[in-house]
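pasting the sequence and the predicted coordinates here, then a few questions.
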Number of protein chains: 2
Amino acid sequence: MLVTETNEALPGGSSLLRNEPVQARSSARLTGLLDAAAAIIDEIGFERLTTAMVAERAGASIGTVYRYFPDRIAVVEALAARCVGRLMERIDGVIVESGSQEWHDAVDFAIDAQVDMYRTEPGFRAIRFGDAEVADSTSGETEGRRPFAEQMSALLAVRYPVERSADLDFALDVAIEMGSAILARAFQASPEGDSRFIEECRSVVTGYLAGA
Amino acid sequence: MLVTETNEALPGGSSLLRNEPVQARSSARLTGLLDAAAAIIDEIGFERLTTAMVAERAGASIGTVYRYFPDRIAVVEALAARCVGRLMERIDGVIVESGSQEWHDAVDFAIDAQVDMYRTEPGFRAIRFGDAEVADSTSGETEGRRPFAEQMSALLAVRYPVERSADLDFALDVAIEMGSAILARAFQASPEGDSRFIEECRSVVTGYLAGA
DNA sequence: GGTGACCGAGCGGAACTCGATCATCGCTGT
DNA sequence: ACAGCGATGATCGAGTTCCGCTCGGTCACC
């Protein structure tokens, strides 16, 4: 496993939180707050989410929200981070389980996992990777996509033909950008994900990474 | 010209506005408000933009802002719409001027125009096409990219080899999605636009549209 | 008893409203 | 022609409401 979680609820490091939860009930609270935020975002969108809504839905008070998160934006950033973490766990899990050494399997699994997340993970759709980018237009996207790009890089590095691996990181950047955009389009077209776009995503990304 | 503007300032239809300006001074006001919004967004980002700032910068009062825009978000949506309108005008202008009948010229011009907009058009960078999508996560992107896709469709339809034109609209959807994402990445990496990503954008989009 | 966790009234500021005021336009009668 | 005059467009800005966030006090766990 490349991804290690010190706590089920907390995303990554993480400097997004004011106070790390130490008692059991409080990490449940954190999880609950993020769940509430995810549900609200799915229903009315990030822009209309208020901290009071999050508190009420999680059965907490406003003060509790601000005990964990420095501000409103940090809530959605933490949610995004949790999403990315879960996505990476999935991809990692599936690929080691399969035992495949083919790089294009890793690509396929990554796309499968994202499709699955779009369908089942609350908030993923609205947040994609970096609609937290919405929040802070400077960092958000980088924060979200960087770790993902690095994980894919690590996964592909050992599987990719050596002669082309010089530009692997750049190619991955481009591929992830393309793939995410097409997938987003697929789920913008329909809630279950337009299969035409999804298939096109597979072929485009695989084709590009294969070197045209 | 495919694009017709009834008024220099107003973007498209447009149902984004509460009141259409009818007198001359008031469309100047509208233009001024959008200019102010663009400048502010460039300086401090969409999130930190306040309606009071827009009003002050445009030399208007808050009430005037709300005479034209239903809410804060609509301001940036209108700005996005104006950006898209200007982009389309440019592409259209350059391509008829060139007289080219090659579809890949249309693609090149479209990419050139976007690069130019990123570099010179206030607010374009922050707004891309659909960081208004940021605003209203449901419609924003659709509102922005739809007219663009349709214009490109119209441009390419007469230039594209007939045998493949059946899926032209779908292919264009995908191509625009890919291209926009890669371009955005180029200008996220550096303010002048990372030329490596820009070149990759050209080759990927042209390659894809050529049918691989 | 000491520290972690939680609450919610309250503060500051930003989004948005509304009725009063001013500018422009089109008409109409001389 | 054009001066006057309603009607409608356009502007203003104090005021209201709502939301993000703080802080001191209370409760729960070790």
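Everything's here; your move. Please read these numbers as outputs of a predicted model, since none were measured by experiment. Numbering: from 1, shown residues only, chains lettered A, B, ... in the order given.

quick check: residues of chain A near DNA strand D?
Contact residues, chain A versus DNA strand D (C-beta under 7 Å from any atom of the strand): A:23-25, A:49-52, A:62-63, A:66, A:70-73. For the C-beta atoms, the positions are set from N, CA and C on the backbone; glycine is no exception.

local confidence estimate at A:Leu10?
pLDDT, A:Leu10: 54.

now A:Asp116
97.

tell me which residue is most central in chain A.
A:Val84 (2.5 Å; C-alpha atoms, centre = their mean).

what helices or strands is the helix or strand that residue falls within leaning on?
In this structure, A:Val84 is located in helix A:72-98 according to DSSP states H and E. The criterion is 3 or more C-beta pairs under 8 Å, 6 or more residues apart in numbering or on different chains; DSSP states H and E, and the helices and strands that helix A:72-98 contacts are helix A:24-44, helix A:51-57, helix A:103-120, helix A:124-127, helix A:132-135, helix A:140-157.

hmm, it touching DNA strand C?
No: Helix A:72-98 lies apart from DNA strand C when judged by C-beta under 7 Å from any atom of the strand; the minimum separation is 11.5 Å.

and that helix with helix A:24-44, angle?
Relative orientation of helix A:72-98 and helix A:24-44, computed by axes from the mean of the first three to the mean of the last three C-alpha atoms, to 10 degrees: 100 degrees.

and helix A:72-98, average pLDDT?
So the average pLDDT for helix A:72-98 ends up being 93.

pretty sure A:Leu183 contacts A:Ile198?
Yes: using C-beta atoms under 8 Å, A:Leu183 is in contact with A:Ile198, at 7.0 Å.

identify the contacts common to those two.
Shared contacts of A:Leu183 and A:Ile198 (C-beta atoms under 8 Å, 6 or more residues apart in numbering or on different chains): A:111, A:115.

who has more neighbours, those two?
Neighbours were counted for A:Leu183 and for A:Ile198 using other C-beta atoms under 10 Å in any protein chain shown; A:Leu183 has more, 24 against 20.

which helix or strand contains that one?
helix A:168-189.

residues in contact with A:Ser180?
Under the criterion of C-beta under 8 Å, 6+ apart, the neighbours of A:Ser180 are A:114, A:128-129, A:145, B:181.

among the residues you listed, which ones lie close to DNA strand C?
Applying C-beta under 7 Å from any atom of the strand, the subset of the contacts of A:Ser180 adjacent to DNA strand C is empty.

so which of the residues you listed sits lowest on pLDDT?
Within those, pLDDT is lowest for A:Phe129, at 59.

which bits of chain A sit near DNA strand C?
A:19, A:21-23, A:25-26, A:29, A:59-64, A:66-67.

hmm, which of those are the buried ones?
When those are checked for burial by 16 or more other C-beta atoms under 10 Å in any protein chain shown, the buried set is A:21, A:26, A:29, A:60, A:64, A:66-67.

among the residues you listed, which are in helices?
Mapping those onto helices (DSSP state H) picks out A:26, A:29, A:64, A:66-67.

closest one to chain B out of those, please.
A:Tyr66 (18.5 Å; C-beta to the nearest C-beta).

quick one: stretch A:118-129 near chain B?
Yes: contact of stretch A:118-129 with chain B (C-beta under 8 Å from any C-beta of the partner chain) involves A:Ala126.

can you give me the buried ones in that stretch?
Neighbour-count burial for stretch A:118-129 [16+ other C-beta under 10 Å]: A:118, A:121-129.

residues contacting it, please?
A:35, A:37-39, A:41-42, A:45-46, A:76, A:79-80, A:83-84, A:86-87, A:117, A:141, A:144-145, A:148, A:180, A:183-184, A:187, A:192-193, B:137.

just to revisit the earlier point, following the helix holding A:Leu183, which helix or strand shows up next?
That would be, after helix A:168-189 and using DSSP H and E, helix A:195-210.
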